[in-house]
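Visitor: my questions are about this predicted structure, shown below with the sequence.
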Amino acid sequence: MKPSSYLPVFIILVAGLISGCAGTITGSKQQQLNPKNLTQLEKGRETTDFWRGKDLTLSYKYHLTGPTLKINGTIALSKHLTNYTVMDHLRLNLYFVDAGGNIVSRTLIYAAPHRRWIPMLNLSFNRLITVPPGVEALAFTYDGKVSDGMNSDGGGISWNFWNAL
């Protein structure tokens, strides 16, 4: 087979890959959420709240003034995570949700430094975020990994954890 005869096959494969990924890339914004996963956004006053996942608890305060959300809080890890010594990674995302339960956007509000000893982690955050129009609720997700600190060559034990919407 001549090399030029591969071109149509290559184009078809690339087009299929792009069209297959398009739903994944845009689909998350159209995902409708269960109301039990949402926190209704209080506007114009400081609000204190907490959110609990199976691996951590988030205590936070926020104040929405116009399109600006000031949010700060602390993350408390569950005991089954603090039995490990190292936080390989931890990311906490904040989702903005409209009145219909649809995701409008998301932003990362906390990321732990890579491979830090858990007792030395600063598990707090303080952010100013511009809120998109039409947002009525908030939702949180996280993902992370803890380990006993051994590198990949030396073996060791690790645990991946997450909370999806």
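Guide: Okay, I see it.

Visitor: next one: the residue nearest the centre of the chain from Leu123, what distance?
Guide: Most central in the chain under CA atoms, centre = their mean is Asn93, positioned 3.0 Å from the mean C-alpha point. Summarising the geometry, the distance separating Asn93 from Leu123, computed by CB to CB, to the nearest Å, is 15 Å. From N, CA and C alone the C-beta is placed, and that goes for glycine too.

Visitor: quick check on Ile103: phi, psi?
Guide: Per-residue torsions, Ile103: phi -70, psi 130 (degrees, to the nearest 10).

Visitor: do you know the pLDDT at it?
Guide: Note for Ile103: predicted pLDDT of 95.

Visitor: isn't it up against Val97?
Guide: Yes - applying CB atoms under 8 Å, one finds Ile103 in contact with Val97, separated by 5.9 Å.

Visitor: more neighbours, those two?
Guide: Val97 (27 against 18; other CB atoms under 10 Å).

Visitor: now for that one: which residues touch it?
Guide: Neighbouring residues of Val97 by CB atoms under 8 Å, 6 or more residues apart in numbering: 33, 38, 103-104, 135-139.

Visitor: do the same with Ile118
Guide: Going by CB under 8 Å, 6+ apart, the list of residues near Ile118 reads 77, 81-82, 84-87, 146.

Visitor: weed out the non-buried ones from these.
Guide: A residue is treated as buried here by neighbour count (16 or more other CB atoms under 10 Å); on that basis the buried members of the contacts of Ile118 are 77, 81, 84, 86-87, 146.

Visitor: quick check: which ranges of the chain have low pLDDT?
Guide: 1-31, 151-154 (pLDDT under 70).

Visitor: 50 - rerun?
Guide: Within the chain, the stretches with pLDDT under 50 are 7-29.

Visitor: hey, where'd the helices end up in it?
Guide: 6-27, 79-82 (DSSP state H).

Visitor: mind giving me the packing neighbours of the last one?
Guide: Helices and strands touching helix 79-82, by 3 or more CB pairs under 8 Å, 6 or more residues apart in numbering; DSSP states H and E, are strand 158-163.
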